[in-house]
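Enquirer: Based on what follows, work out the 3D shape:
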Amino acid sequence: ADFVWLSFAVTLVALAVVPPLLFRHPRAMLPWEVLALAALPLFGRALAAPGLTSNVATYLAIAALALVVAVELDTFTSVRLANWFGVVFVVVATMAAAGFVALLGWGLDLTVGATFVLPAEPPLTAAEEAAAVEGLVRDFVAATAAGVVAGVVFIAYFRRYPDARIRLPEELEGVFE
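Expert: Predicted structure coming up:
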């Protein structure tokens, strides 16, 4: 009944099946290492007690999705991401998702009285406002750090496998030229 993690799982599966559906070939898949890395937050969430997982795990999951998108762009399109741009893309996508989650939480706080961002219903005391801002800053720092980690994984992966397209079936070679 956890909507955030359910959304993550559905998005990950959708991103994983786009290449085989688009190219109509079952071997036109992301490298298994990338899919395994992206699925790790799901397994961590499933195996850990809900109280033990934090927003950092959520941002690592978002960074993993950004990494999947970057690898798909680099592998299955004519777009070639330079190492520095791959890192920037993953970091910025993760930070943007963190901002979207914060705005969504704030909107829910104001409309339905939830306490995702704001510790209480407005008007807030100065201490409550400071606590809310401090929590948001911690979340943005965690999102940025998770994005940097995923960006470093992007570079490390593509230095090890300089051209992920070599894993594609022979029928798909030349499609991206």
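Enquirer: For the residue nearest in space to the middle of the chain, which residues are in contact?
Expert: The centroid of the chain falls nearest to residue 62 when counting by Cα atoms, centre = their mean (2.1 Å). Contacts here follow Cβ atoms under 8 Å, 6 or more residues apart in numbering; on that basis residue 62 touches 8, 93-94, 97-98, 143, 146. Any C-beta I mention is one placed from the backbone N, CA and C, and that applies to glycine too.
Enquirer: Give the next helix or strand downstream of the helix or strand hosting residue 14.
Expert: Assessed by DSSP states H and E, residue 14 sits inside helix 3-23. Counting by DSSP H and E, the next helix or strand C-terminal to helix 3-23 is helix 32-47.
Enquirer: could you check the angle helix 3-23 makes with that following helix?
Expert: Put simply, helix 32-47 runs at 160 degrees to helix 3-23, going by axes from the mean of the first three to the mean of the last three Cα atoms, to 10 degrees.
Enquirer: And the contacts of helix 32-47?
Expert: 2, 5, 8-9, 12, 16, 29, 53, 57-58, 60-61, 64-65, 67-68, 71, 153, 157.
Enquirer: PyMOL command to pick out the buried ones of the residues you listed?
Expert: Written as a PyMOL command, the selection of buried residues from the contacts of helix 32-47, which uses 16 or more other Cβ atoms under 10 Å, is:
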select buried, resi 5+8+9+12+16+29+53+57+58+60+61+64+65+67+68+71+153+157
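Enquirer: And residue 51, what's its pLDDT?
Expert: What the model reports for residue 51 is a pLDDT of 49.
Enquirer: Could you check the strand or helix carrying residue 145 and say which residues are buried?
Expert: Here residue 145 is covered by helix 126-160, with elements defined by DSSP H and E. Buried positions in helix 126-160, judged by neighbour count with 16+ other Cβ under 10 Å: 132, 135-136, 139-140, 142-147, 149-151, 153-154, 157-158.
Enquirer: Leaving aside the residues adjacent along the chain, what's closest to residue 73?
Expert: Leaving out its chain neighbours, the residue that sits closest to residue 73 by Cβ to Cβ, 6 or more residues apart in numbering is residue 79, at 4.9 Å.
Enquirer: Also residue 64?
Expert: residue 38 is the one closest to residue 64 (Cβ to Cβ, 6+ apart), at 4.0 Å.
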